[in-house]
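Enquirer: turn this into a structure:
(one chain, ligands or ions: 1)
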Amino acid sequence: MSLNYYNPKSNEGTSSNIEYLRIKEGTYKVRILPPKKDNGVWYVYDRKHFLKDNTGRINRFPCTRFSKGSCLLCTFKDFLLTYENKTPELEKLSQSLRTNVRVLLNVVDLTDNKIKILEIPHSVFKEIQKFVNAKEDWGEVLHPEEGRDFRIERKGSGMIDTEYSVMPSPKQTKIPIEITNDDLIDLEELVDGFNRKFSLSDIHQFLMDNYSDIYDDFVEYLKRVSPNLMAVDNTPSENDIPNNIDEIEEL
Ligand SMILES: [Zn+2]
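Expert: Numbers count the residues shown, from 1 in each chain. This is a model prediction of the structure:
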């Protein structure tokens, strides 16, 4: 069977030329770019689940809870939380299945003046958004001619001791390189393109292949709580998935 549908590299965007900037410990200087024309967004939310396969490799999957109103992996997590035969490993698995939320932005990395996709946690994005919204104090910080560079600093690397600070430059400056609209990545398409690679039956297949010992119990659970997420052979169209997870009828 071909397993490349969950190749972890497959989320590196629709084009392999896209470079990502992920904040590790240290100080970063970036210029956040304005929205791409015909599209209008300067940021996009990227929600994913990380899940190990039976070789121990971590695979990435989209969380469709917000885009489609339901998500098989969120439901798998809910199943594990209440599962009677839960082992310590399954407890750990249910913890690690929480949706990972990141925000993606087009930026110029000011260390090498290259356009990259900045990937940041939601808390860091909120800080940036405060400055973008505080137009009276900071002006148009995304403006190509009169905007501001940002300094993002990360201290620590663990779950608890990591701290971020975000600060715009006191000076208003021009973007240091020539940029056209074509240089900007379509952020929504970047996330949608990744999400489209996974059908419901792909994710079912992954669980069946890699979590075979509990898969049958999961299917029994699904029959009760979410019959529309059951389809393995007949992948439902998006219309078959209810918009509101609360409306899912119990059998
Ligand atoms: Zn989910």
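
Enquirer: give me the beta-bridge partners of residue 62?
Expert: residue 48 (DSSP bridges).

Enquirer: could you give the number of residues near it?
Expert: Using other Cβ atoms under 10 Å, residue 62 has 23 other residues around it. For every residue, glycine as well, the C-beta is placed using N, CA and C.

Enquirer: cool, residue 206 as well?
Expert: Counted with other Cβ under 10 Å, the neighbours of residue 206 add up to 20.

Enquirer: can you give me the distance of it to the ion?
Expert: 14 Å (Cβ to the ion, to the nearest Å).

Enquirer: helix or strand for that residue, which one?
Expert: helix 200-210 (DSSP states H and E).

Enquirer: also residue 31?
Expert: strand 26-32.

Enquirer: counting by contacts, list what that strand packs against.
Expert: Secondary-structure packing of strand 26-32 (3 or more Cβ pairs under 8 Å, 6 or more residues apart in numbering; DSSP states H and E): strand 100-109, strand 150-155.

Enquirer: hmm, the longest one touching the ion?
Expert: No - residues of strand 100-109 are not located near the ion by Cβ under 5 Å from the ion, the shortest gap being 9.7 Å.

Enquirer: the very next helix or strand once past that strand relative to strand 26-32, how many degrees between them?
Expert: The C-terminal neighbour of strand 100-109 among helices and strands, as given by DSSP H and E, is strand 114-121. Between strand 114-121 and strand 26-32, the angle comes out at 110 degrees (axes from the mean of the first three to the mean of the last three Cα atoms, to 10 degrees).

Enquirer: and the helix or strand that comes right after the helix holding residue 206, how far out from the chain's middle?
Expert: Remark: after helix 200-210, the chain's next helix or strand is helix 212-225, criterion DSSP H and E. The chain centre lies 26 Å from the centre of helix 212-225; the measure is Cα atoms, centre = their mean, to the nearest Å.

Enquirer: what residue is smack in the middle of the chain?
Expert: residue 46 (2.5 Å; Cα atoms, centre = their mean).

Enquirer: isn't it right next to residue 121, touching?
Expert: No - using Cβ atoms under 8 Å as the test, residue 46 is too far from residue 121 to be in contact (11.0 Å).

Enquirer: any idea of the pLDDT on the closest residue to residue 211 other than its chain neighbours?
Expert: Here the nearest residue to residue 211 in space, its sequence neighbours aside, is residue 218; by Cβ to Cβ, 6 or more residues apart in numbering that works out to 7.4 Å. Per-residue confidence (pLDDT) for residue 218: 94.

Enquirer: likewise residue 135?
Expert: We have a pLDDT of 95 for residue 135.

Enquirer: next: residue 234.
Expert: On the pLDDT scale, residue 234 is placed at 46.

Enquirer: which positions in this structure make contact with the ion?
Expert: By the rule Cβ under 5 Å from the ion, the part of the chain lying against the ion is 63, 65, 71, 73-74.

Enquirer: save the residues you listed as CSV, and put in distance to residue 225 too.
Expert: CSV is the format used below for the residues of the chain next to the ion (distance: Cβ to Cβ, whole Å):
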residue, distance to residue 225
63, 17
65, 14
71, 13
73, 14
74, 11
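
Enquirer: restricted to helices, list those residues.
Expert: Using DSSP state H, the members of the residues of the chain next to the ion that fall within helices are 73-74.

Enquirer: now the two most distant members of the residues of the chain next to the ion.
Expert: 65 and 73 (8.8 Å; Cβ to Cβ).

Enquirer: the two: which is more packed in?
Expert: residue 73 (23 against 17).

Enquirer: got the contact list for the more buried one?
Expert: With contact set as Cβ atoms under 8 Å, 6 or more residues apart in numbering, residue 73 has these partners: 49, 51, 61, 63, 97, 203.
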